[in-house]
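S.K.: mind folding the following:
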Amino acid sequence: MDKPILNNKDQFPTEGIIFSHLGRTKIHWKSVFEYIYSNHPDFSEEWRYYNDGKSWLMKVTRKSKTIFWLSVIQNAFRITFYFGDKAEPAILKSKIPANLKKQFKDGKRYGKIRDLTLIMKNKQNIEAVKELIHLKMKV
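M.R.: Have a look, this model is predicted:
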């Protein structure tokens, strides 16, 4: 898996810095955040540097609930959702692509949760992110 590239603890990830790494996927970034700002204005974004991974990560939350984590990789960005086992039936019935359903079903368990990670390199993943945000709000 591609490693996050925002590794300089002393350099806060501004939009300019982020966009300099995204290349053509900048349009996907804008699409995801335009959707969030329009449909979920109560979401908050927080960038924090994590010493264990030696990189900056963005946490998107609604009140105290974490919706997803985001990291910037070269020429793309990665969005990771964490769902508990109870969400499995809803995920398997959802409109997300079959490969994501399989990723969740076969994924490594961290206690009672599993992750679902999308590499934002194509337009189709934007719809999957919207669906996963919807599922995260429901479960």
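
S.K.: alpha carbons only for contacts and neighbour counts from here, please
M.R.: Will do.

S.K.: for the helix or strand hosting Ser44, packing partners?
M.R.: Here Ser44 sits within strand 43-50, counting by DSSP states H and E. Packing partners of strand 43-50 (3 or more CA pairs under 8 Å, 6 or more residues apart in numbering; DSSP states H and E): strand 55-62.

S.K.: that older thread, quickly run through the sheet partners of the strand holding Ser44, with directions.
M.R.: strand 55-62 (antiparallel) (DSSP bridges).

S.K.: ok, residues contacting the helix or strand that the strand it pairs with is followed by?
M.R.: Once strand 55-62 ends, the next helix or strand along the chain (criterion: DSSP H and E) is strand 65-73. Applying CA atoms under 8 Å, 6 or more residues apart in numbering, the external contacts of strand 65-73 come out as 2-6, 18, 21-22, 56-61, 77-82, 133, 136-137.

S.K.: now with 7 Å, please.
M.R.: 2-6, 57-61, 77-81, 133, 136 (CA atoms under 7 Å, 6 or more residues apart in numbering).

S.K.: ditto for stretch 82-95
M.R.: 101, 112-116, 139.

S.K.: below-threshold pLDDT in the protein: ranges please.
M.R.: 1 (pLDDT under 70).

S.K.: now the angle between strand 65-73 and whichever helix or strand Gly16 is part of, please.
M.R.: For Gly16, the enclosing helix or strand under DSSP H and E is helix 15-22. Using axes from the mean of the first three to the mean of the last three CA atoms, to 10 degrees, the direction of helix 15-22 lies 60 degrees away from that of strand 65-73.
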